[in-house]
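Asks: Please work out how this folds:
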Amino acid sequence: MNDATLLPLSVRLDLPTPEATAELARWLAPRLHAGDVILLDGPIGAGKSHFCRSLIQARLKALDRMEDVPSPTYTLVQIYELDGVDIWHADLYRLTAADEAAELGLEEAFDQAICLVEWPDRLGEMAPGSALRVDLDPGAGPTDRSARLSARDPRWRPVLDILQTVDWHRHE
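Replies: Here you go, the predicted model:
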């Protein structure tokens with residue numbers, strides 16, 4: 001393995017509106033496959049659940065399905081059965097230790113499903129090294145966000161390369 005494949009891949013995006021955040025999620029949705037893990041980090045109100053909801057609804061819409069997509073803050077995990085792959089949406093905010101995350105069955109899901117994990121710091125050592133990390137931060141204005149997408153796995157290079165070319169300001 002060449003040392004360049006171990007370097008983190010990263011792109012920073014300005015998302016001027018909630019719609020731009022949703023559009024990023026909808027853009028990413030069809031590019032995900034079983035075994036893909038997205039780790040979403042950021043403060044409360046940064047748009048993590050909005051991102052997840054938009055991504056899941058995009059996958060459902062592609063199957064001509066419509067479902068309510070609530071935040072799993074209290075259920076911890078919501079599972080959406082789709083055409084050949086499940087999406088696991090986990091909100092680990094209420095967990096206090098990584099062993100609690102292990103009890104949810106996430107390690108098996110990381111291999112077999114598309115997993116969207118909010119508050120990934122609660123995973124500890126369980127966080128997959130192949131994951132795409134999405135760090136959302138509030139921007140200067142009340143609806144502005146910035147997103148930093150990063151990964152170590154070369155699987156994400158084409159995705160991040162394309163993301164650098166998209167104009168997310170078209171949603172202003």
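
Asks: what is the rounded mean pLDDT of stretch 59-72?
Replies: In this model, stretch 59-72 has an average pLDDT of 87.

Asks: what about the spatially most central residue of the chain, distance to Met66?
Replies: When C-alpha atoms, centre = their mean is applied to the chain, the residue found nearest the centroid is Ile38 (3.7 Å). Relative to Met66, Ile38 is positioned 22 Å away (C-beta to C-beta, to the nearest Å). The C-beta positions use only the backbone N, C-alpha and C, and glycine is treated the same way.

Asks: After the lowest-mean-pLDDT helix or strand in the chain, heading C-terminal, what element do we hit next?
Replies: Lowest on mean pLDDT, DSSP states H and E among the helices and strands of the chain sits helix 98-102, with a mean of 86. Proceeding C-terminally, helix 98-102 gives way to helix 106-112 as the next helix or strand, assigned by DSSP states H and E.

Asks: Show me what the helix or strand hosting the residue nearest to the centre of the chain is packed against.
Replies: Element membership for Ile38, per DSSP H and E: strand 37-41. Helices and strands touching strand 37-41, by 3 or more C-beta pairs under 8 Å, 6 or more residues apart in numbering; DSSP states H and E, are helix 48-62, strand 114-118, strand 132-138.

Asks: and the shortest one, C-alpha only, in CSV?
Replies: Presented in CSV, the C-alpha positions along strand 114-118 are these (Å, rounded to 0.1, in the frame of the first residue of the first chain):
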residue,chain,number,x,y,z
ILE,A,114,-25.7,1.9,5.1
CYS,A,115,-25.2,3.5,8.6
LEU,A,116,-25.7,7.2,9.4
VAL,A,117,-24.3,7.8,12.9
GLU,A,118,-24.9,11.1,14.8
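
Asks: Give the residue spans of this structure that score low on pLDDT.
Replies: Along the chain, the model assigns pLDDT under 70 to residues 1-8, 168-172.

Asks: still on that earlier bit, out of the helices and strands packed on strand 37-41, deepest packed?
Replies: Of all the helices and strands packed on strand 37-41, strand 114-118 carries the top mean neighbour count, a mean of 26, counting by mean count of other C-beta atoms under 10 Å.

Asks: What is that strand packed up against?
Replies: Checking 3+ C-beta pairs under 8 Å, 6+ apart, strand 114-118 ends up next to strand 37-41, helix 48-62, strand 86-91, helix 106-112.

Asks: Thank you kindly, that will do.
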